[in-house]
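[1] how does the following fold in three dimensions:
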Amino acid sequence: MQRRQLLTLASLLATALPARAQTAPEPAEPWQERPELQALFGQHNTVGTLVVFDTATRRWQVVNAARAYERFIPASTFKIPNTLIALDTGEAIDDRHPYAWDGQRRWLDDWNRDQTLTSAFRVSAVWVYQDIARHVGAARMQRYLQAMRYGNARIGPRLDSFWLDGDLRISAVEQVEFLRRLNEGRLPLAARTLELGKRVMLREQAKDGAWRLYAKTGWTNDVKPAVGWYVGWLERADGTACSFALNLEMRRDALAPQREAIARAMLRELGLLD
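    Next up is the predicted model:
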């Protein structure tokens, strides 16, 4: 075949085939370790990790990278996806959905009263979220966790306690990835679900409106040493968000209030919280 014929054939093929879409490369996401912040865990005679992702800079920052990838039971931090699932399935109609106390006295006084979805999240009322899980059912719960890519997505063996004493496990990195997808609208959830869910999870906002803090604590004694969590995100006025997840060894009960205190101190050191 002559050269002119080859060029003509190539030209015809080029016009017959669809043009390749020109896609921009994914922006880089630097990973920065912050070993100097481990001293904040040391001050409380414990070990832990903190993982942070900031959408403004697209930068990851981590304290104790090895532990950041280790999976633990999520404990009450699972109330974040459980709240979203309740709203998305209609098992909770809105953030004020009522739950009548069954009269059974439990160890925390704040649980021994009627609740709304918002109050149950705030006081971490386990019985409310167990009721939600039973009504959602195993099949739907499993589908949601897999679609959300939440940790290992295992819901066994008991439907109403798998996040407390079952097989579900998640790492600090995976917690942050989950919250990042939440804030970027990449979870398989309705827009209304996300709007109502944020109302439930709001914990604090700056007086000048510069940021809002959404967060949840968690604590499990099902492993030794016990594990405490503090996870959430800071939403800024400009729409950017900073997701974070802290976990630590709960070597004594006095560390309970320190979960949030250590996370806040680290976020301040990173210049992310005033």
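[2] Arg67: which element?
    helix 65-68 (DSSP states H and E).
[3] what's in contact with that helix?
    33, 47-49, 51, 62, 171-173, 247 (C-beta atoms under 8 Å, 6 or more residues apart in numbering). (Each C-beta comes from the backbone N, C-alpha and C, glycine too.)
[4] among those, which ones are buried?
    48-49, 51, 62, 171-173, 247 (16 or more other C-beta atoms under 10 Å).
[5] and the helix holding Arg67, C-alpha only, in PDB?
    Coordinates of the C-alpha atoms in helix 65-68 are reproduced here as PDB (Å, rounded to 0.1, in the frame of the first residue of the first chain):
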ATOM      1  CA  ALA A  65       0.900   7.000  60.800                       C
ATOM      2  CA  ALA A  66       1.200   3.300  61.700                       C
ATOM      3  CA  ARG A  67      -1.800   3.500  64.000                       C
ATOM      4  CA  ALA A  68      -3.700   5.600  61.500                       C
END
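[6] and it, how far from the chain's centre?
    Put simply, helix 65-68 sits 17 Å off its chain's centre (C-alpha atoms, centre = their mean, to the nearest Å).
[7] which SSE is immediately downstream of that helix?
    helix 79-89.
[8] mind giving me the packing neighbours of that next one?
    Here helix 79-89 touches helix 117-123, helix 126-136, helix 138-148, helix 172-183, helix 191-201, going by 3 or more C-beta pairs under 8 Å, 6 or more residues apart in numbering; DSSP states H and E.
[9] so the fourth one versus helix 138-148, what angle?
    Relative orientation of helix 172-183 with respect to helix 138-148: 90 degrees, computed using axes from the mean of the first three to the mean of the last three C-alpha atoms, to 10 degrees.
[10] low-scoring pLDDT stretches of the protein, where are they?
    Applying pLDDT under 70 to the chain flags the ranges 1-27.
[11] so Leu255 versus Gln130, what's the distance?
    Distance check for Leu255 against Gln130: by C-beta to C-beta, to the nearest Å, it reads 25 Å.
[12] of the two, give the one with the bigger neighbour count.
    Leu255 (20 against 17; other C-beta atoms under 10 Å).
[13] from Phe244, how far off is the more buried one?
    18 Å.
[14] the host helix or strand of Val231 packs against which elements?
    Element membership for Val231, per DSSP H and E: strand 227-236. Counting contacts by 3+ C-beta pairs under 8 Å, 6+ apart, strand 227-236 packs against helix 172-183, strand 211-220, strand 241-249, helix 258-269.
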